[in-house]
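Chemist: Take this sequence and fold it.
(one chain, ligands or ions: 1)
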Amino acid sequence: MKIRVFDSARSAGLYAASLMEAVILREDNPVLGLATGGTVLPCYQAFRGLVWCGLDLSRTTTINLDEYIGLDAQHPQSYHYFMEHNLFAGLPSRPRAVHIPDGTAGDLERECARYDDLIHRNPIDFQLLGIGTNGHIGFNEPSHSLLSRTHVVSLTEETIASNARFFERVEDVPRRALTMGVQSILQARQIVLMAFGRAKADVVARAVQGEVRTDLPATMLQLHRDVTFILDVDSASALPREVWGGHAVLSDASDGPEPGPLLSRS
Ligand code: PGA
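Modeler: The predicted structure follows:
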């Protein structure tokens, strides 16, 4: 597992976007597994910049992790809407295919099977992830057991409370979602997890160093051979320094001290 710590979400986002670009340039038919949430926004902002500078998406397929059940693509809190508005809108080049689970499907089991078939036919080269404060990845919530394939999930109270910030009222947060399963995530060739802020520090430390447990789904990432955690100094703050080197990557050396041990931030 690689851990990269940055002094700002902006520089972390640029790094994550550059990893996505590398996959697109390397693969003939790149497949990106994409995520939603506040954390990935700096990555998407930087990635849009790369596309405006000429990065060609026309061979790229994207496959999103999850979607709320009951919200259609025009609903401002749906993940369809999130992706269009935060990543794809107005770009000079678009992916050849964008896939997001359909949370309005009449037959949800069939929709899950369709999604698994899609993932099977388009193996994911690069999977981007956020992490919930409860350790979820995608909407794979803490549980005594985890499902490997795409499935319907009941969101935990912690996730509902956390996502309520995007809705007018907590009652408006959908209680169920469709999510890619843990096996589909672990089958991606490369995984990048982003986390920022002190509220994520404990869960990040447990995901990196704790025992592998289904009640902290992100610990499953320890089983994968190519995972990078992209953090800021706050989300890395519960990790021992020897785990990440104790050197944050500074976005603009002229604005701060030379790169080196962050003694003042310990
Ligand atoms: P956030 O969500 O980026 O909005 O914190 C991450 C997640 O819940 O996976």
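Chemist: Could you use CA atoms for every contact and neighbour count after this?
Modeler: Noted.
Chemist: where exactly do the helices run in the chain?
Modeler: 9-26, 41-52, 79-83, 108-121, 157-163, 182-186, 201-209, 241-244 (DSSP state H).
Chemist: just flag whichever of those has the lowest average confidence.
Modeler: Mean pLDDT per stretch puts helix 241-244 lowest among the helices of the chain, at a mean of 88.
Chemist: hmm, stretch 68-83 touching the ligand?
Modeler: No - judged by CA under 6 Å from any ligand atom, stretch 68-83 and the ligand are separated, with a smallest distance of 11.6 Å.
Chemist: got the contact list for the worst-scoring helix or strand of the chain on mean pLDDT?
Modeler: Ranked by mean pLDDT, DSSP states H and E, the helix or strand of the chain with the weakest confidence is helix 241-244, at a mean of 88. For helix 241-244, the external contacting residues (CA atoms under 8 Å, 6 or more residues apart in numbering) are 3, 4, 5.
Chemist: Export the helices of the chain to TSV and append columns for distance to residue 234.
Modeler: TSV is the format used below for these (distance: least, CA to CA, whole Å):
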stretch	distance to residue 234
helix 9-26	10
helix 41-52	16
helix 79-83	26
helix 108-121	34
helix 157-163	19
helix 182-186	26
helix 201-209	7
helix 241-244	12
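Chemist: Figure out which of these is closest to residue 232.
Modeler: Among those, the nearest to residue 232 by CA to CA is helix 9-26 (6.4 Å).
Chemist: just the angle between that closest one and helix 41-52, please?
Modeler: Inter-element angle recorded for helix 9-26 and helix 41-52: 50 degrees (by axes from the mean of the first three to the mean of the last three CA atoms, to 10 degrees).
Chemist: Tabulate the helices of the chain in CSV, adding columns for mean neighbour count and distance to residue 142.
Modeler: CSV is the format used below for the helices of the chain (neighbours: other CA atoms under 10 Å; distance: least, CA to CA, whole Å):
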stretch, mean neighbour count, distance to residue 142
helix 9-26, 19, 26
helix 41-52, 19, 24
helix 79-83, 21, 21
helix 108-121, 16, 20
helix 157-163, 15, 10
helix 182-186, 20, 12
helix 201-209, 20, 12
helix 241-244, 12, 25
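Chemist: Out of these, which gets nearest to residue 60?
Modeler: Here helix 9-26 is closest among the helices of the chain (CA to CA), at 6.9 Å.
Chemist: Against which helices or strands is that closest one packed?
Modeler: helix 41-52, strand 227-232 (3 or more CA pairs under 8 Å, 6 or more residues apart in numbering; DSSP states H and E).
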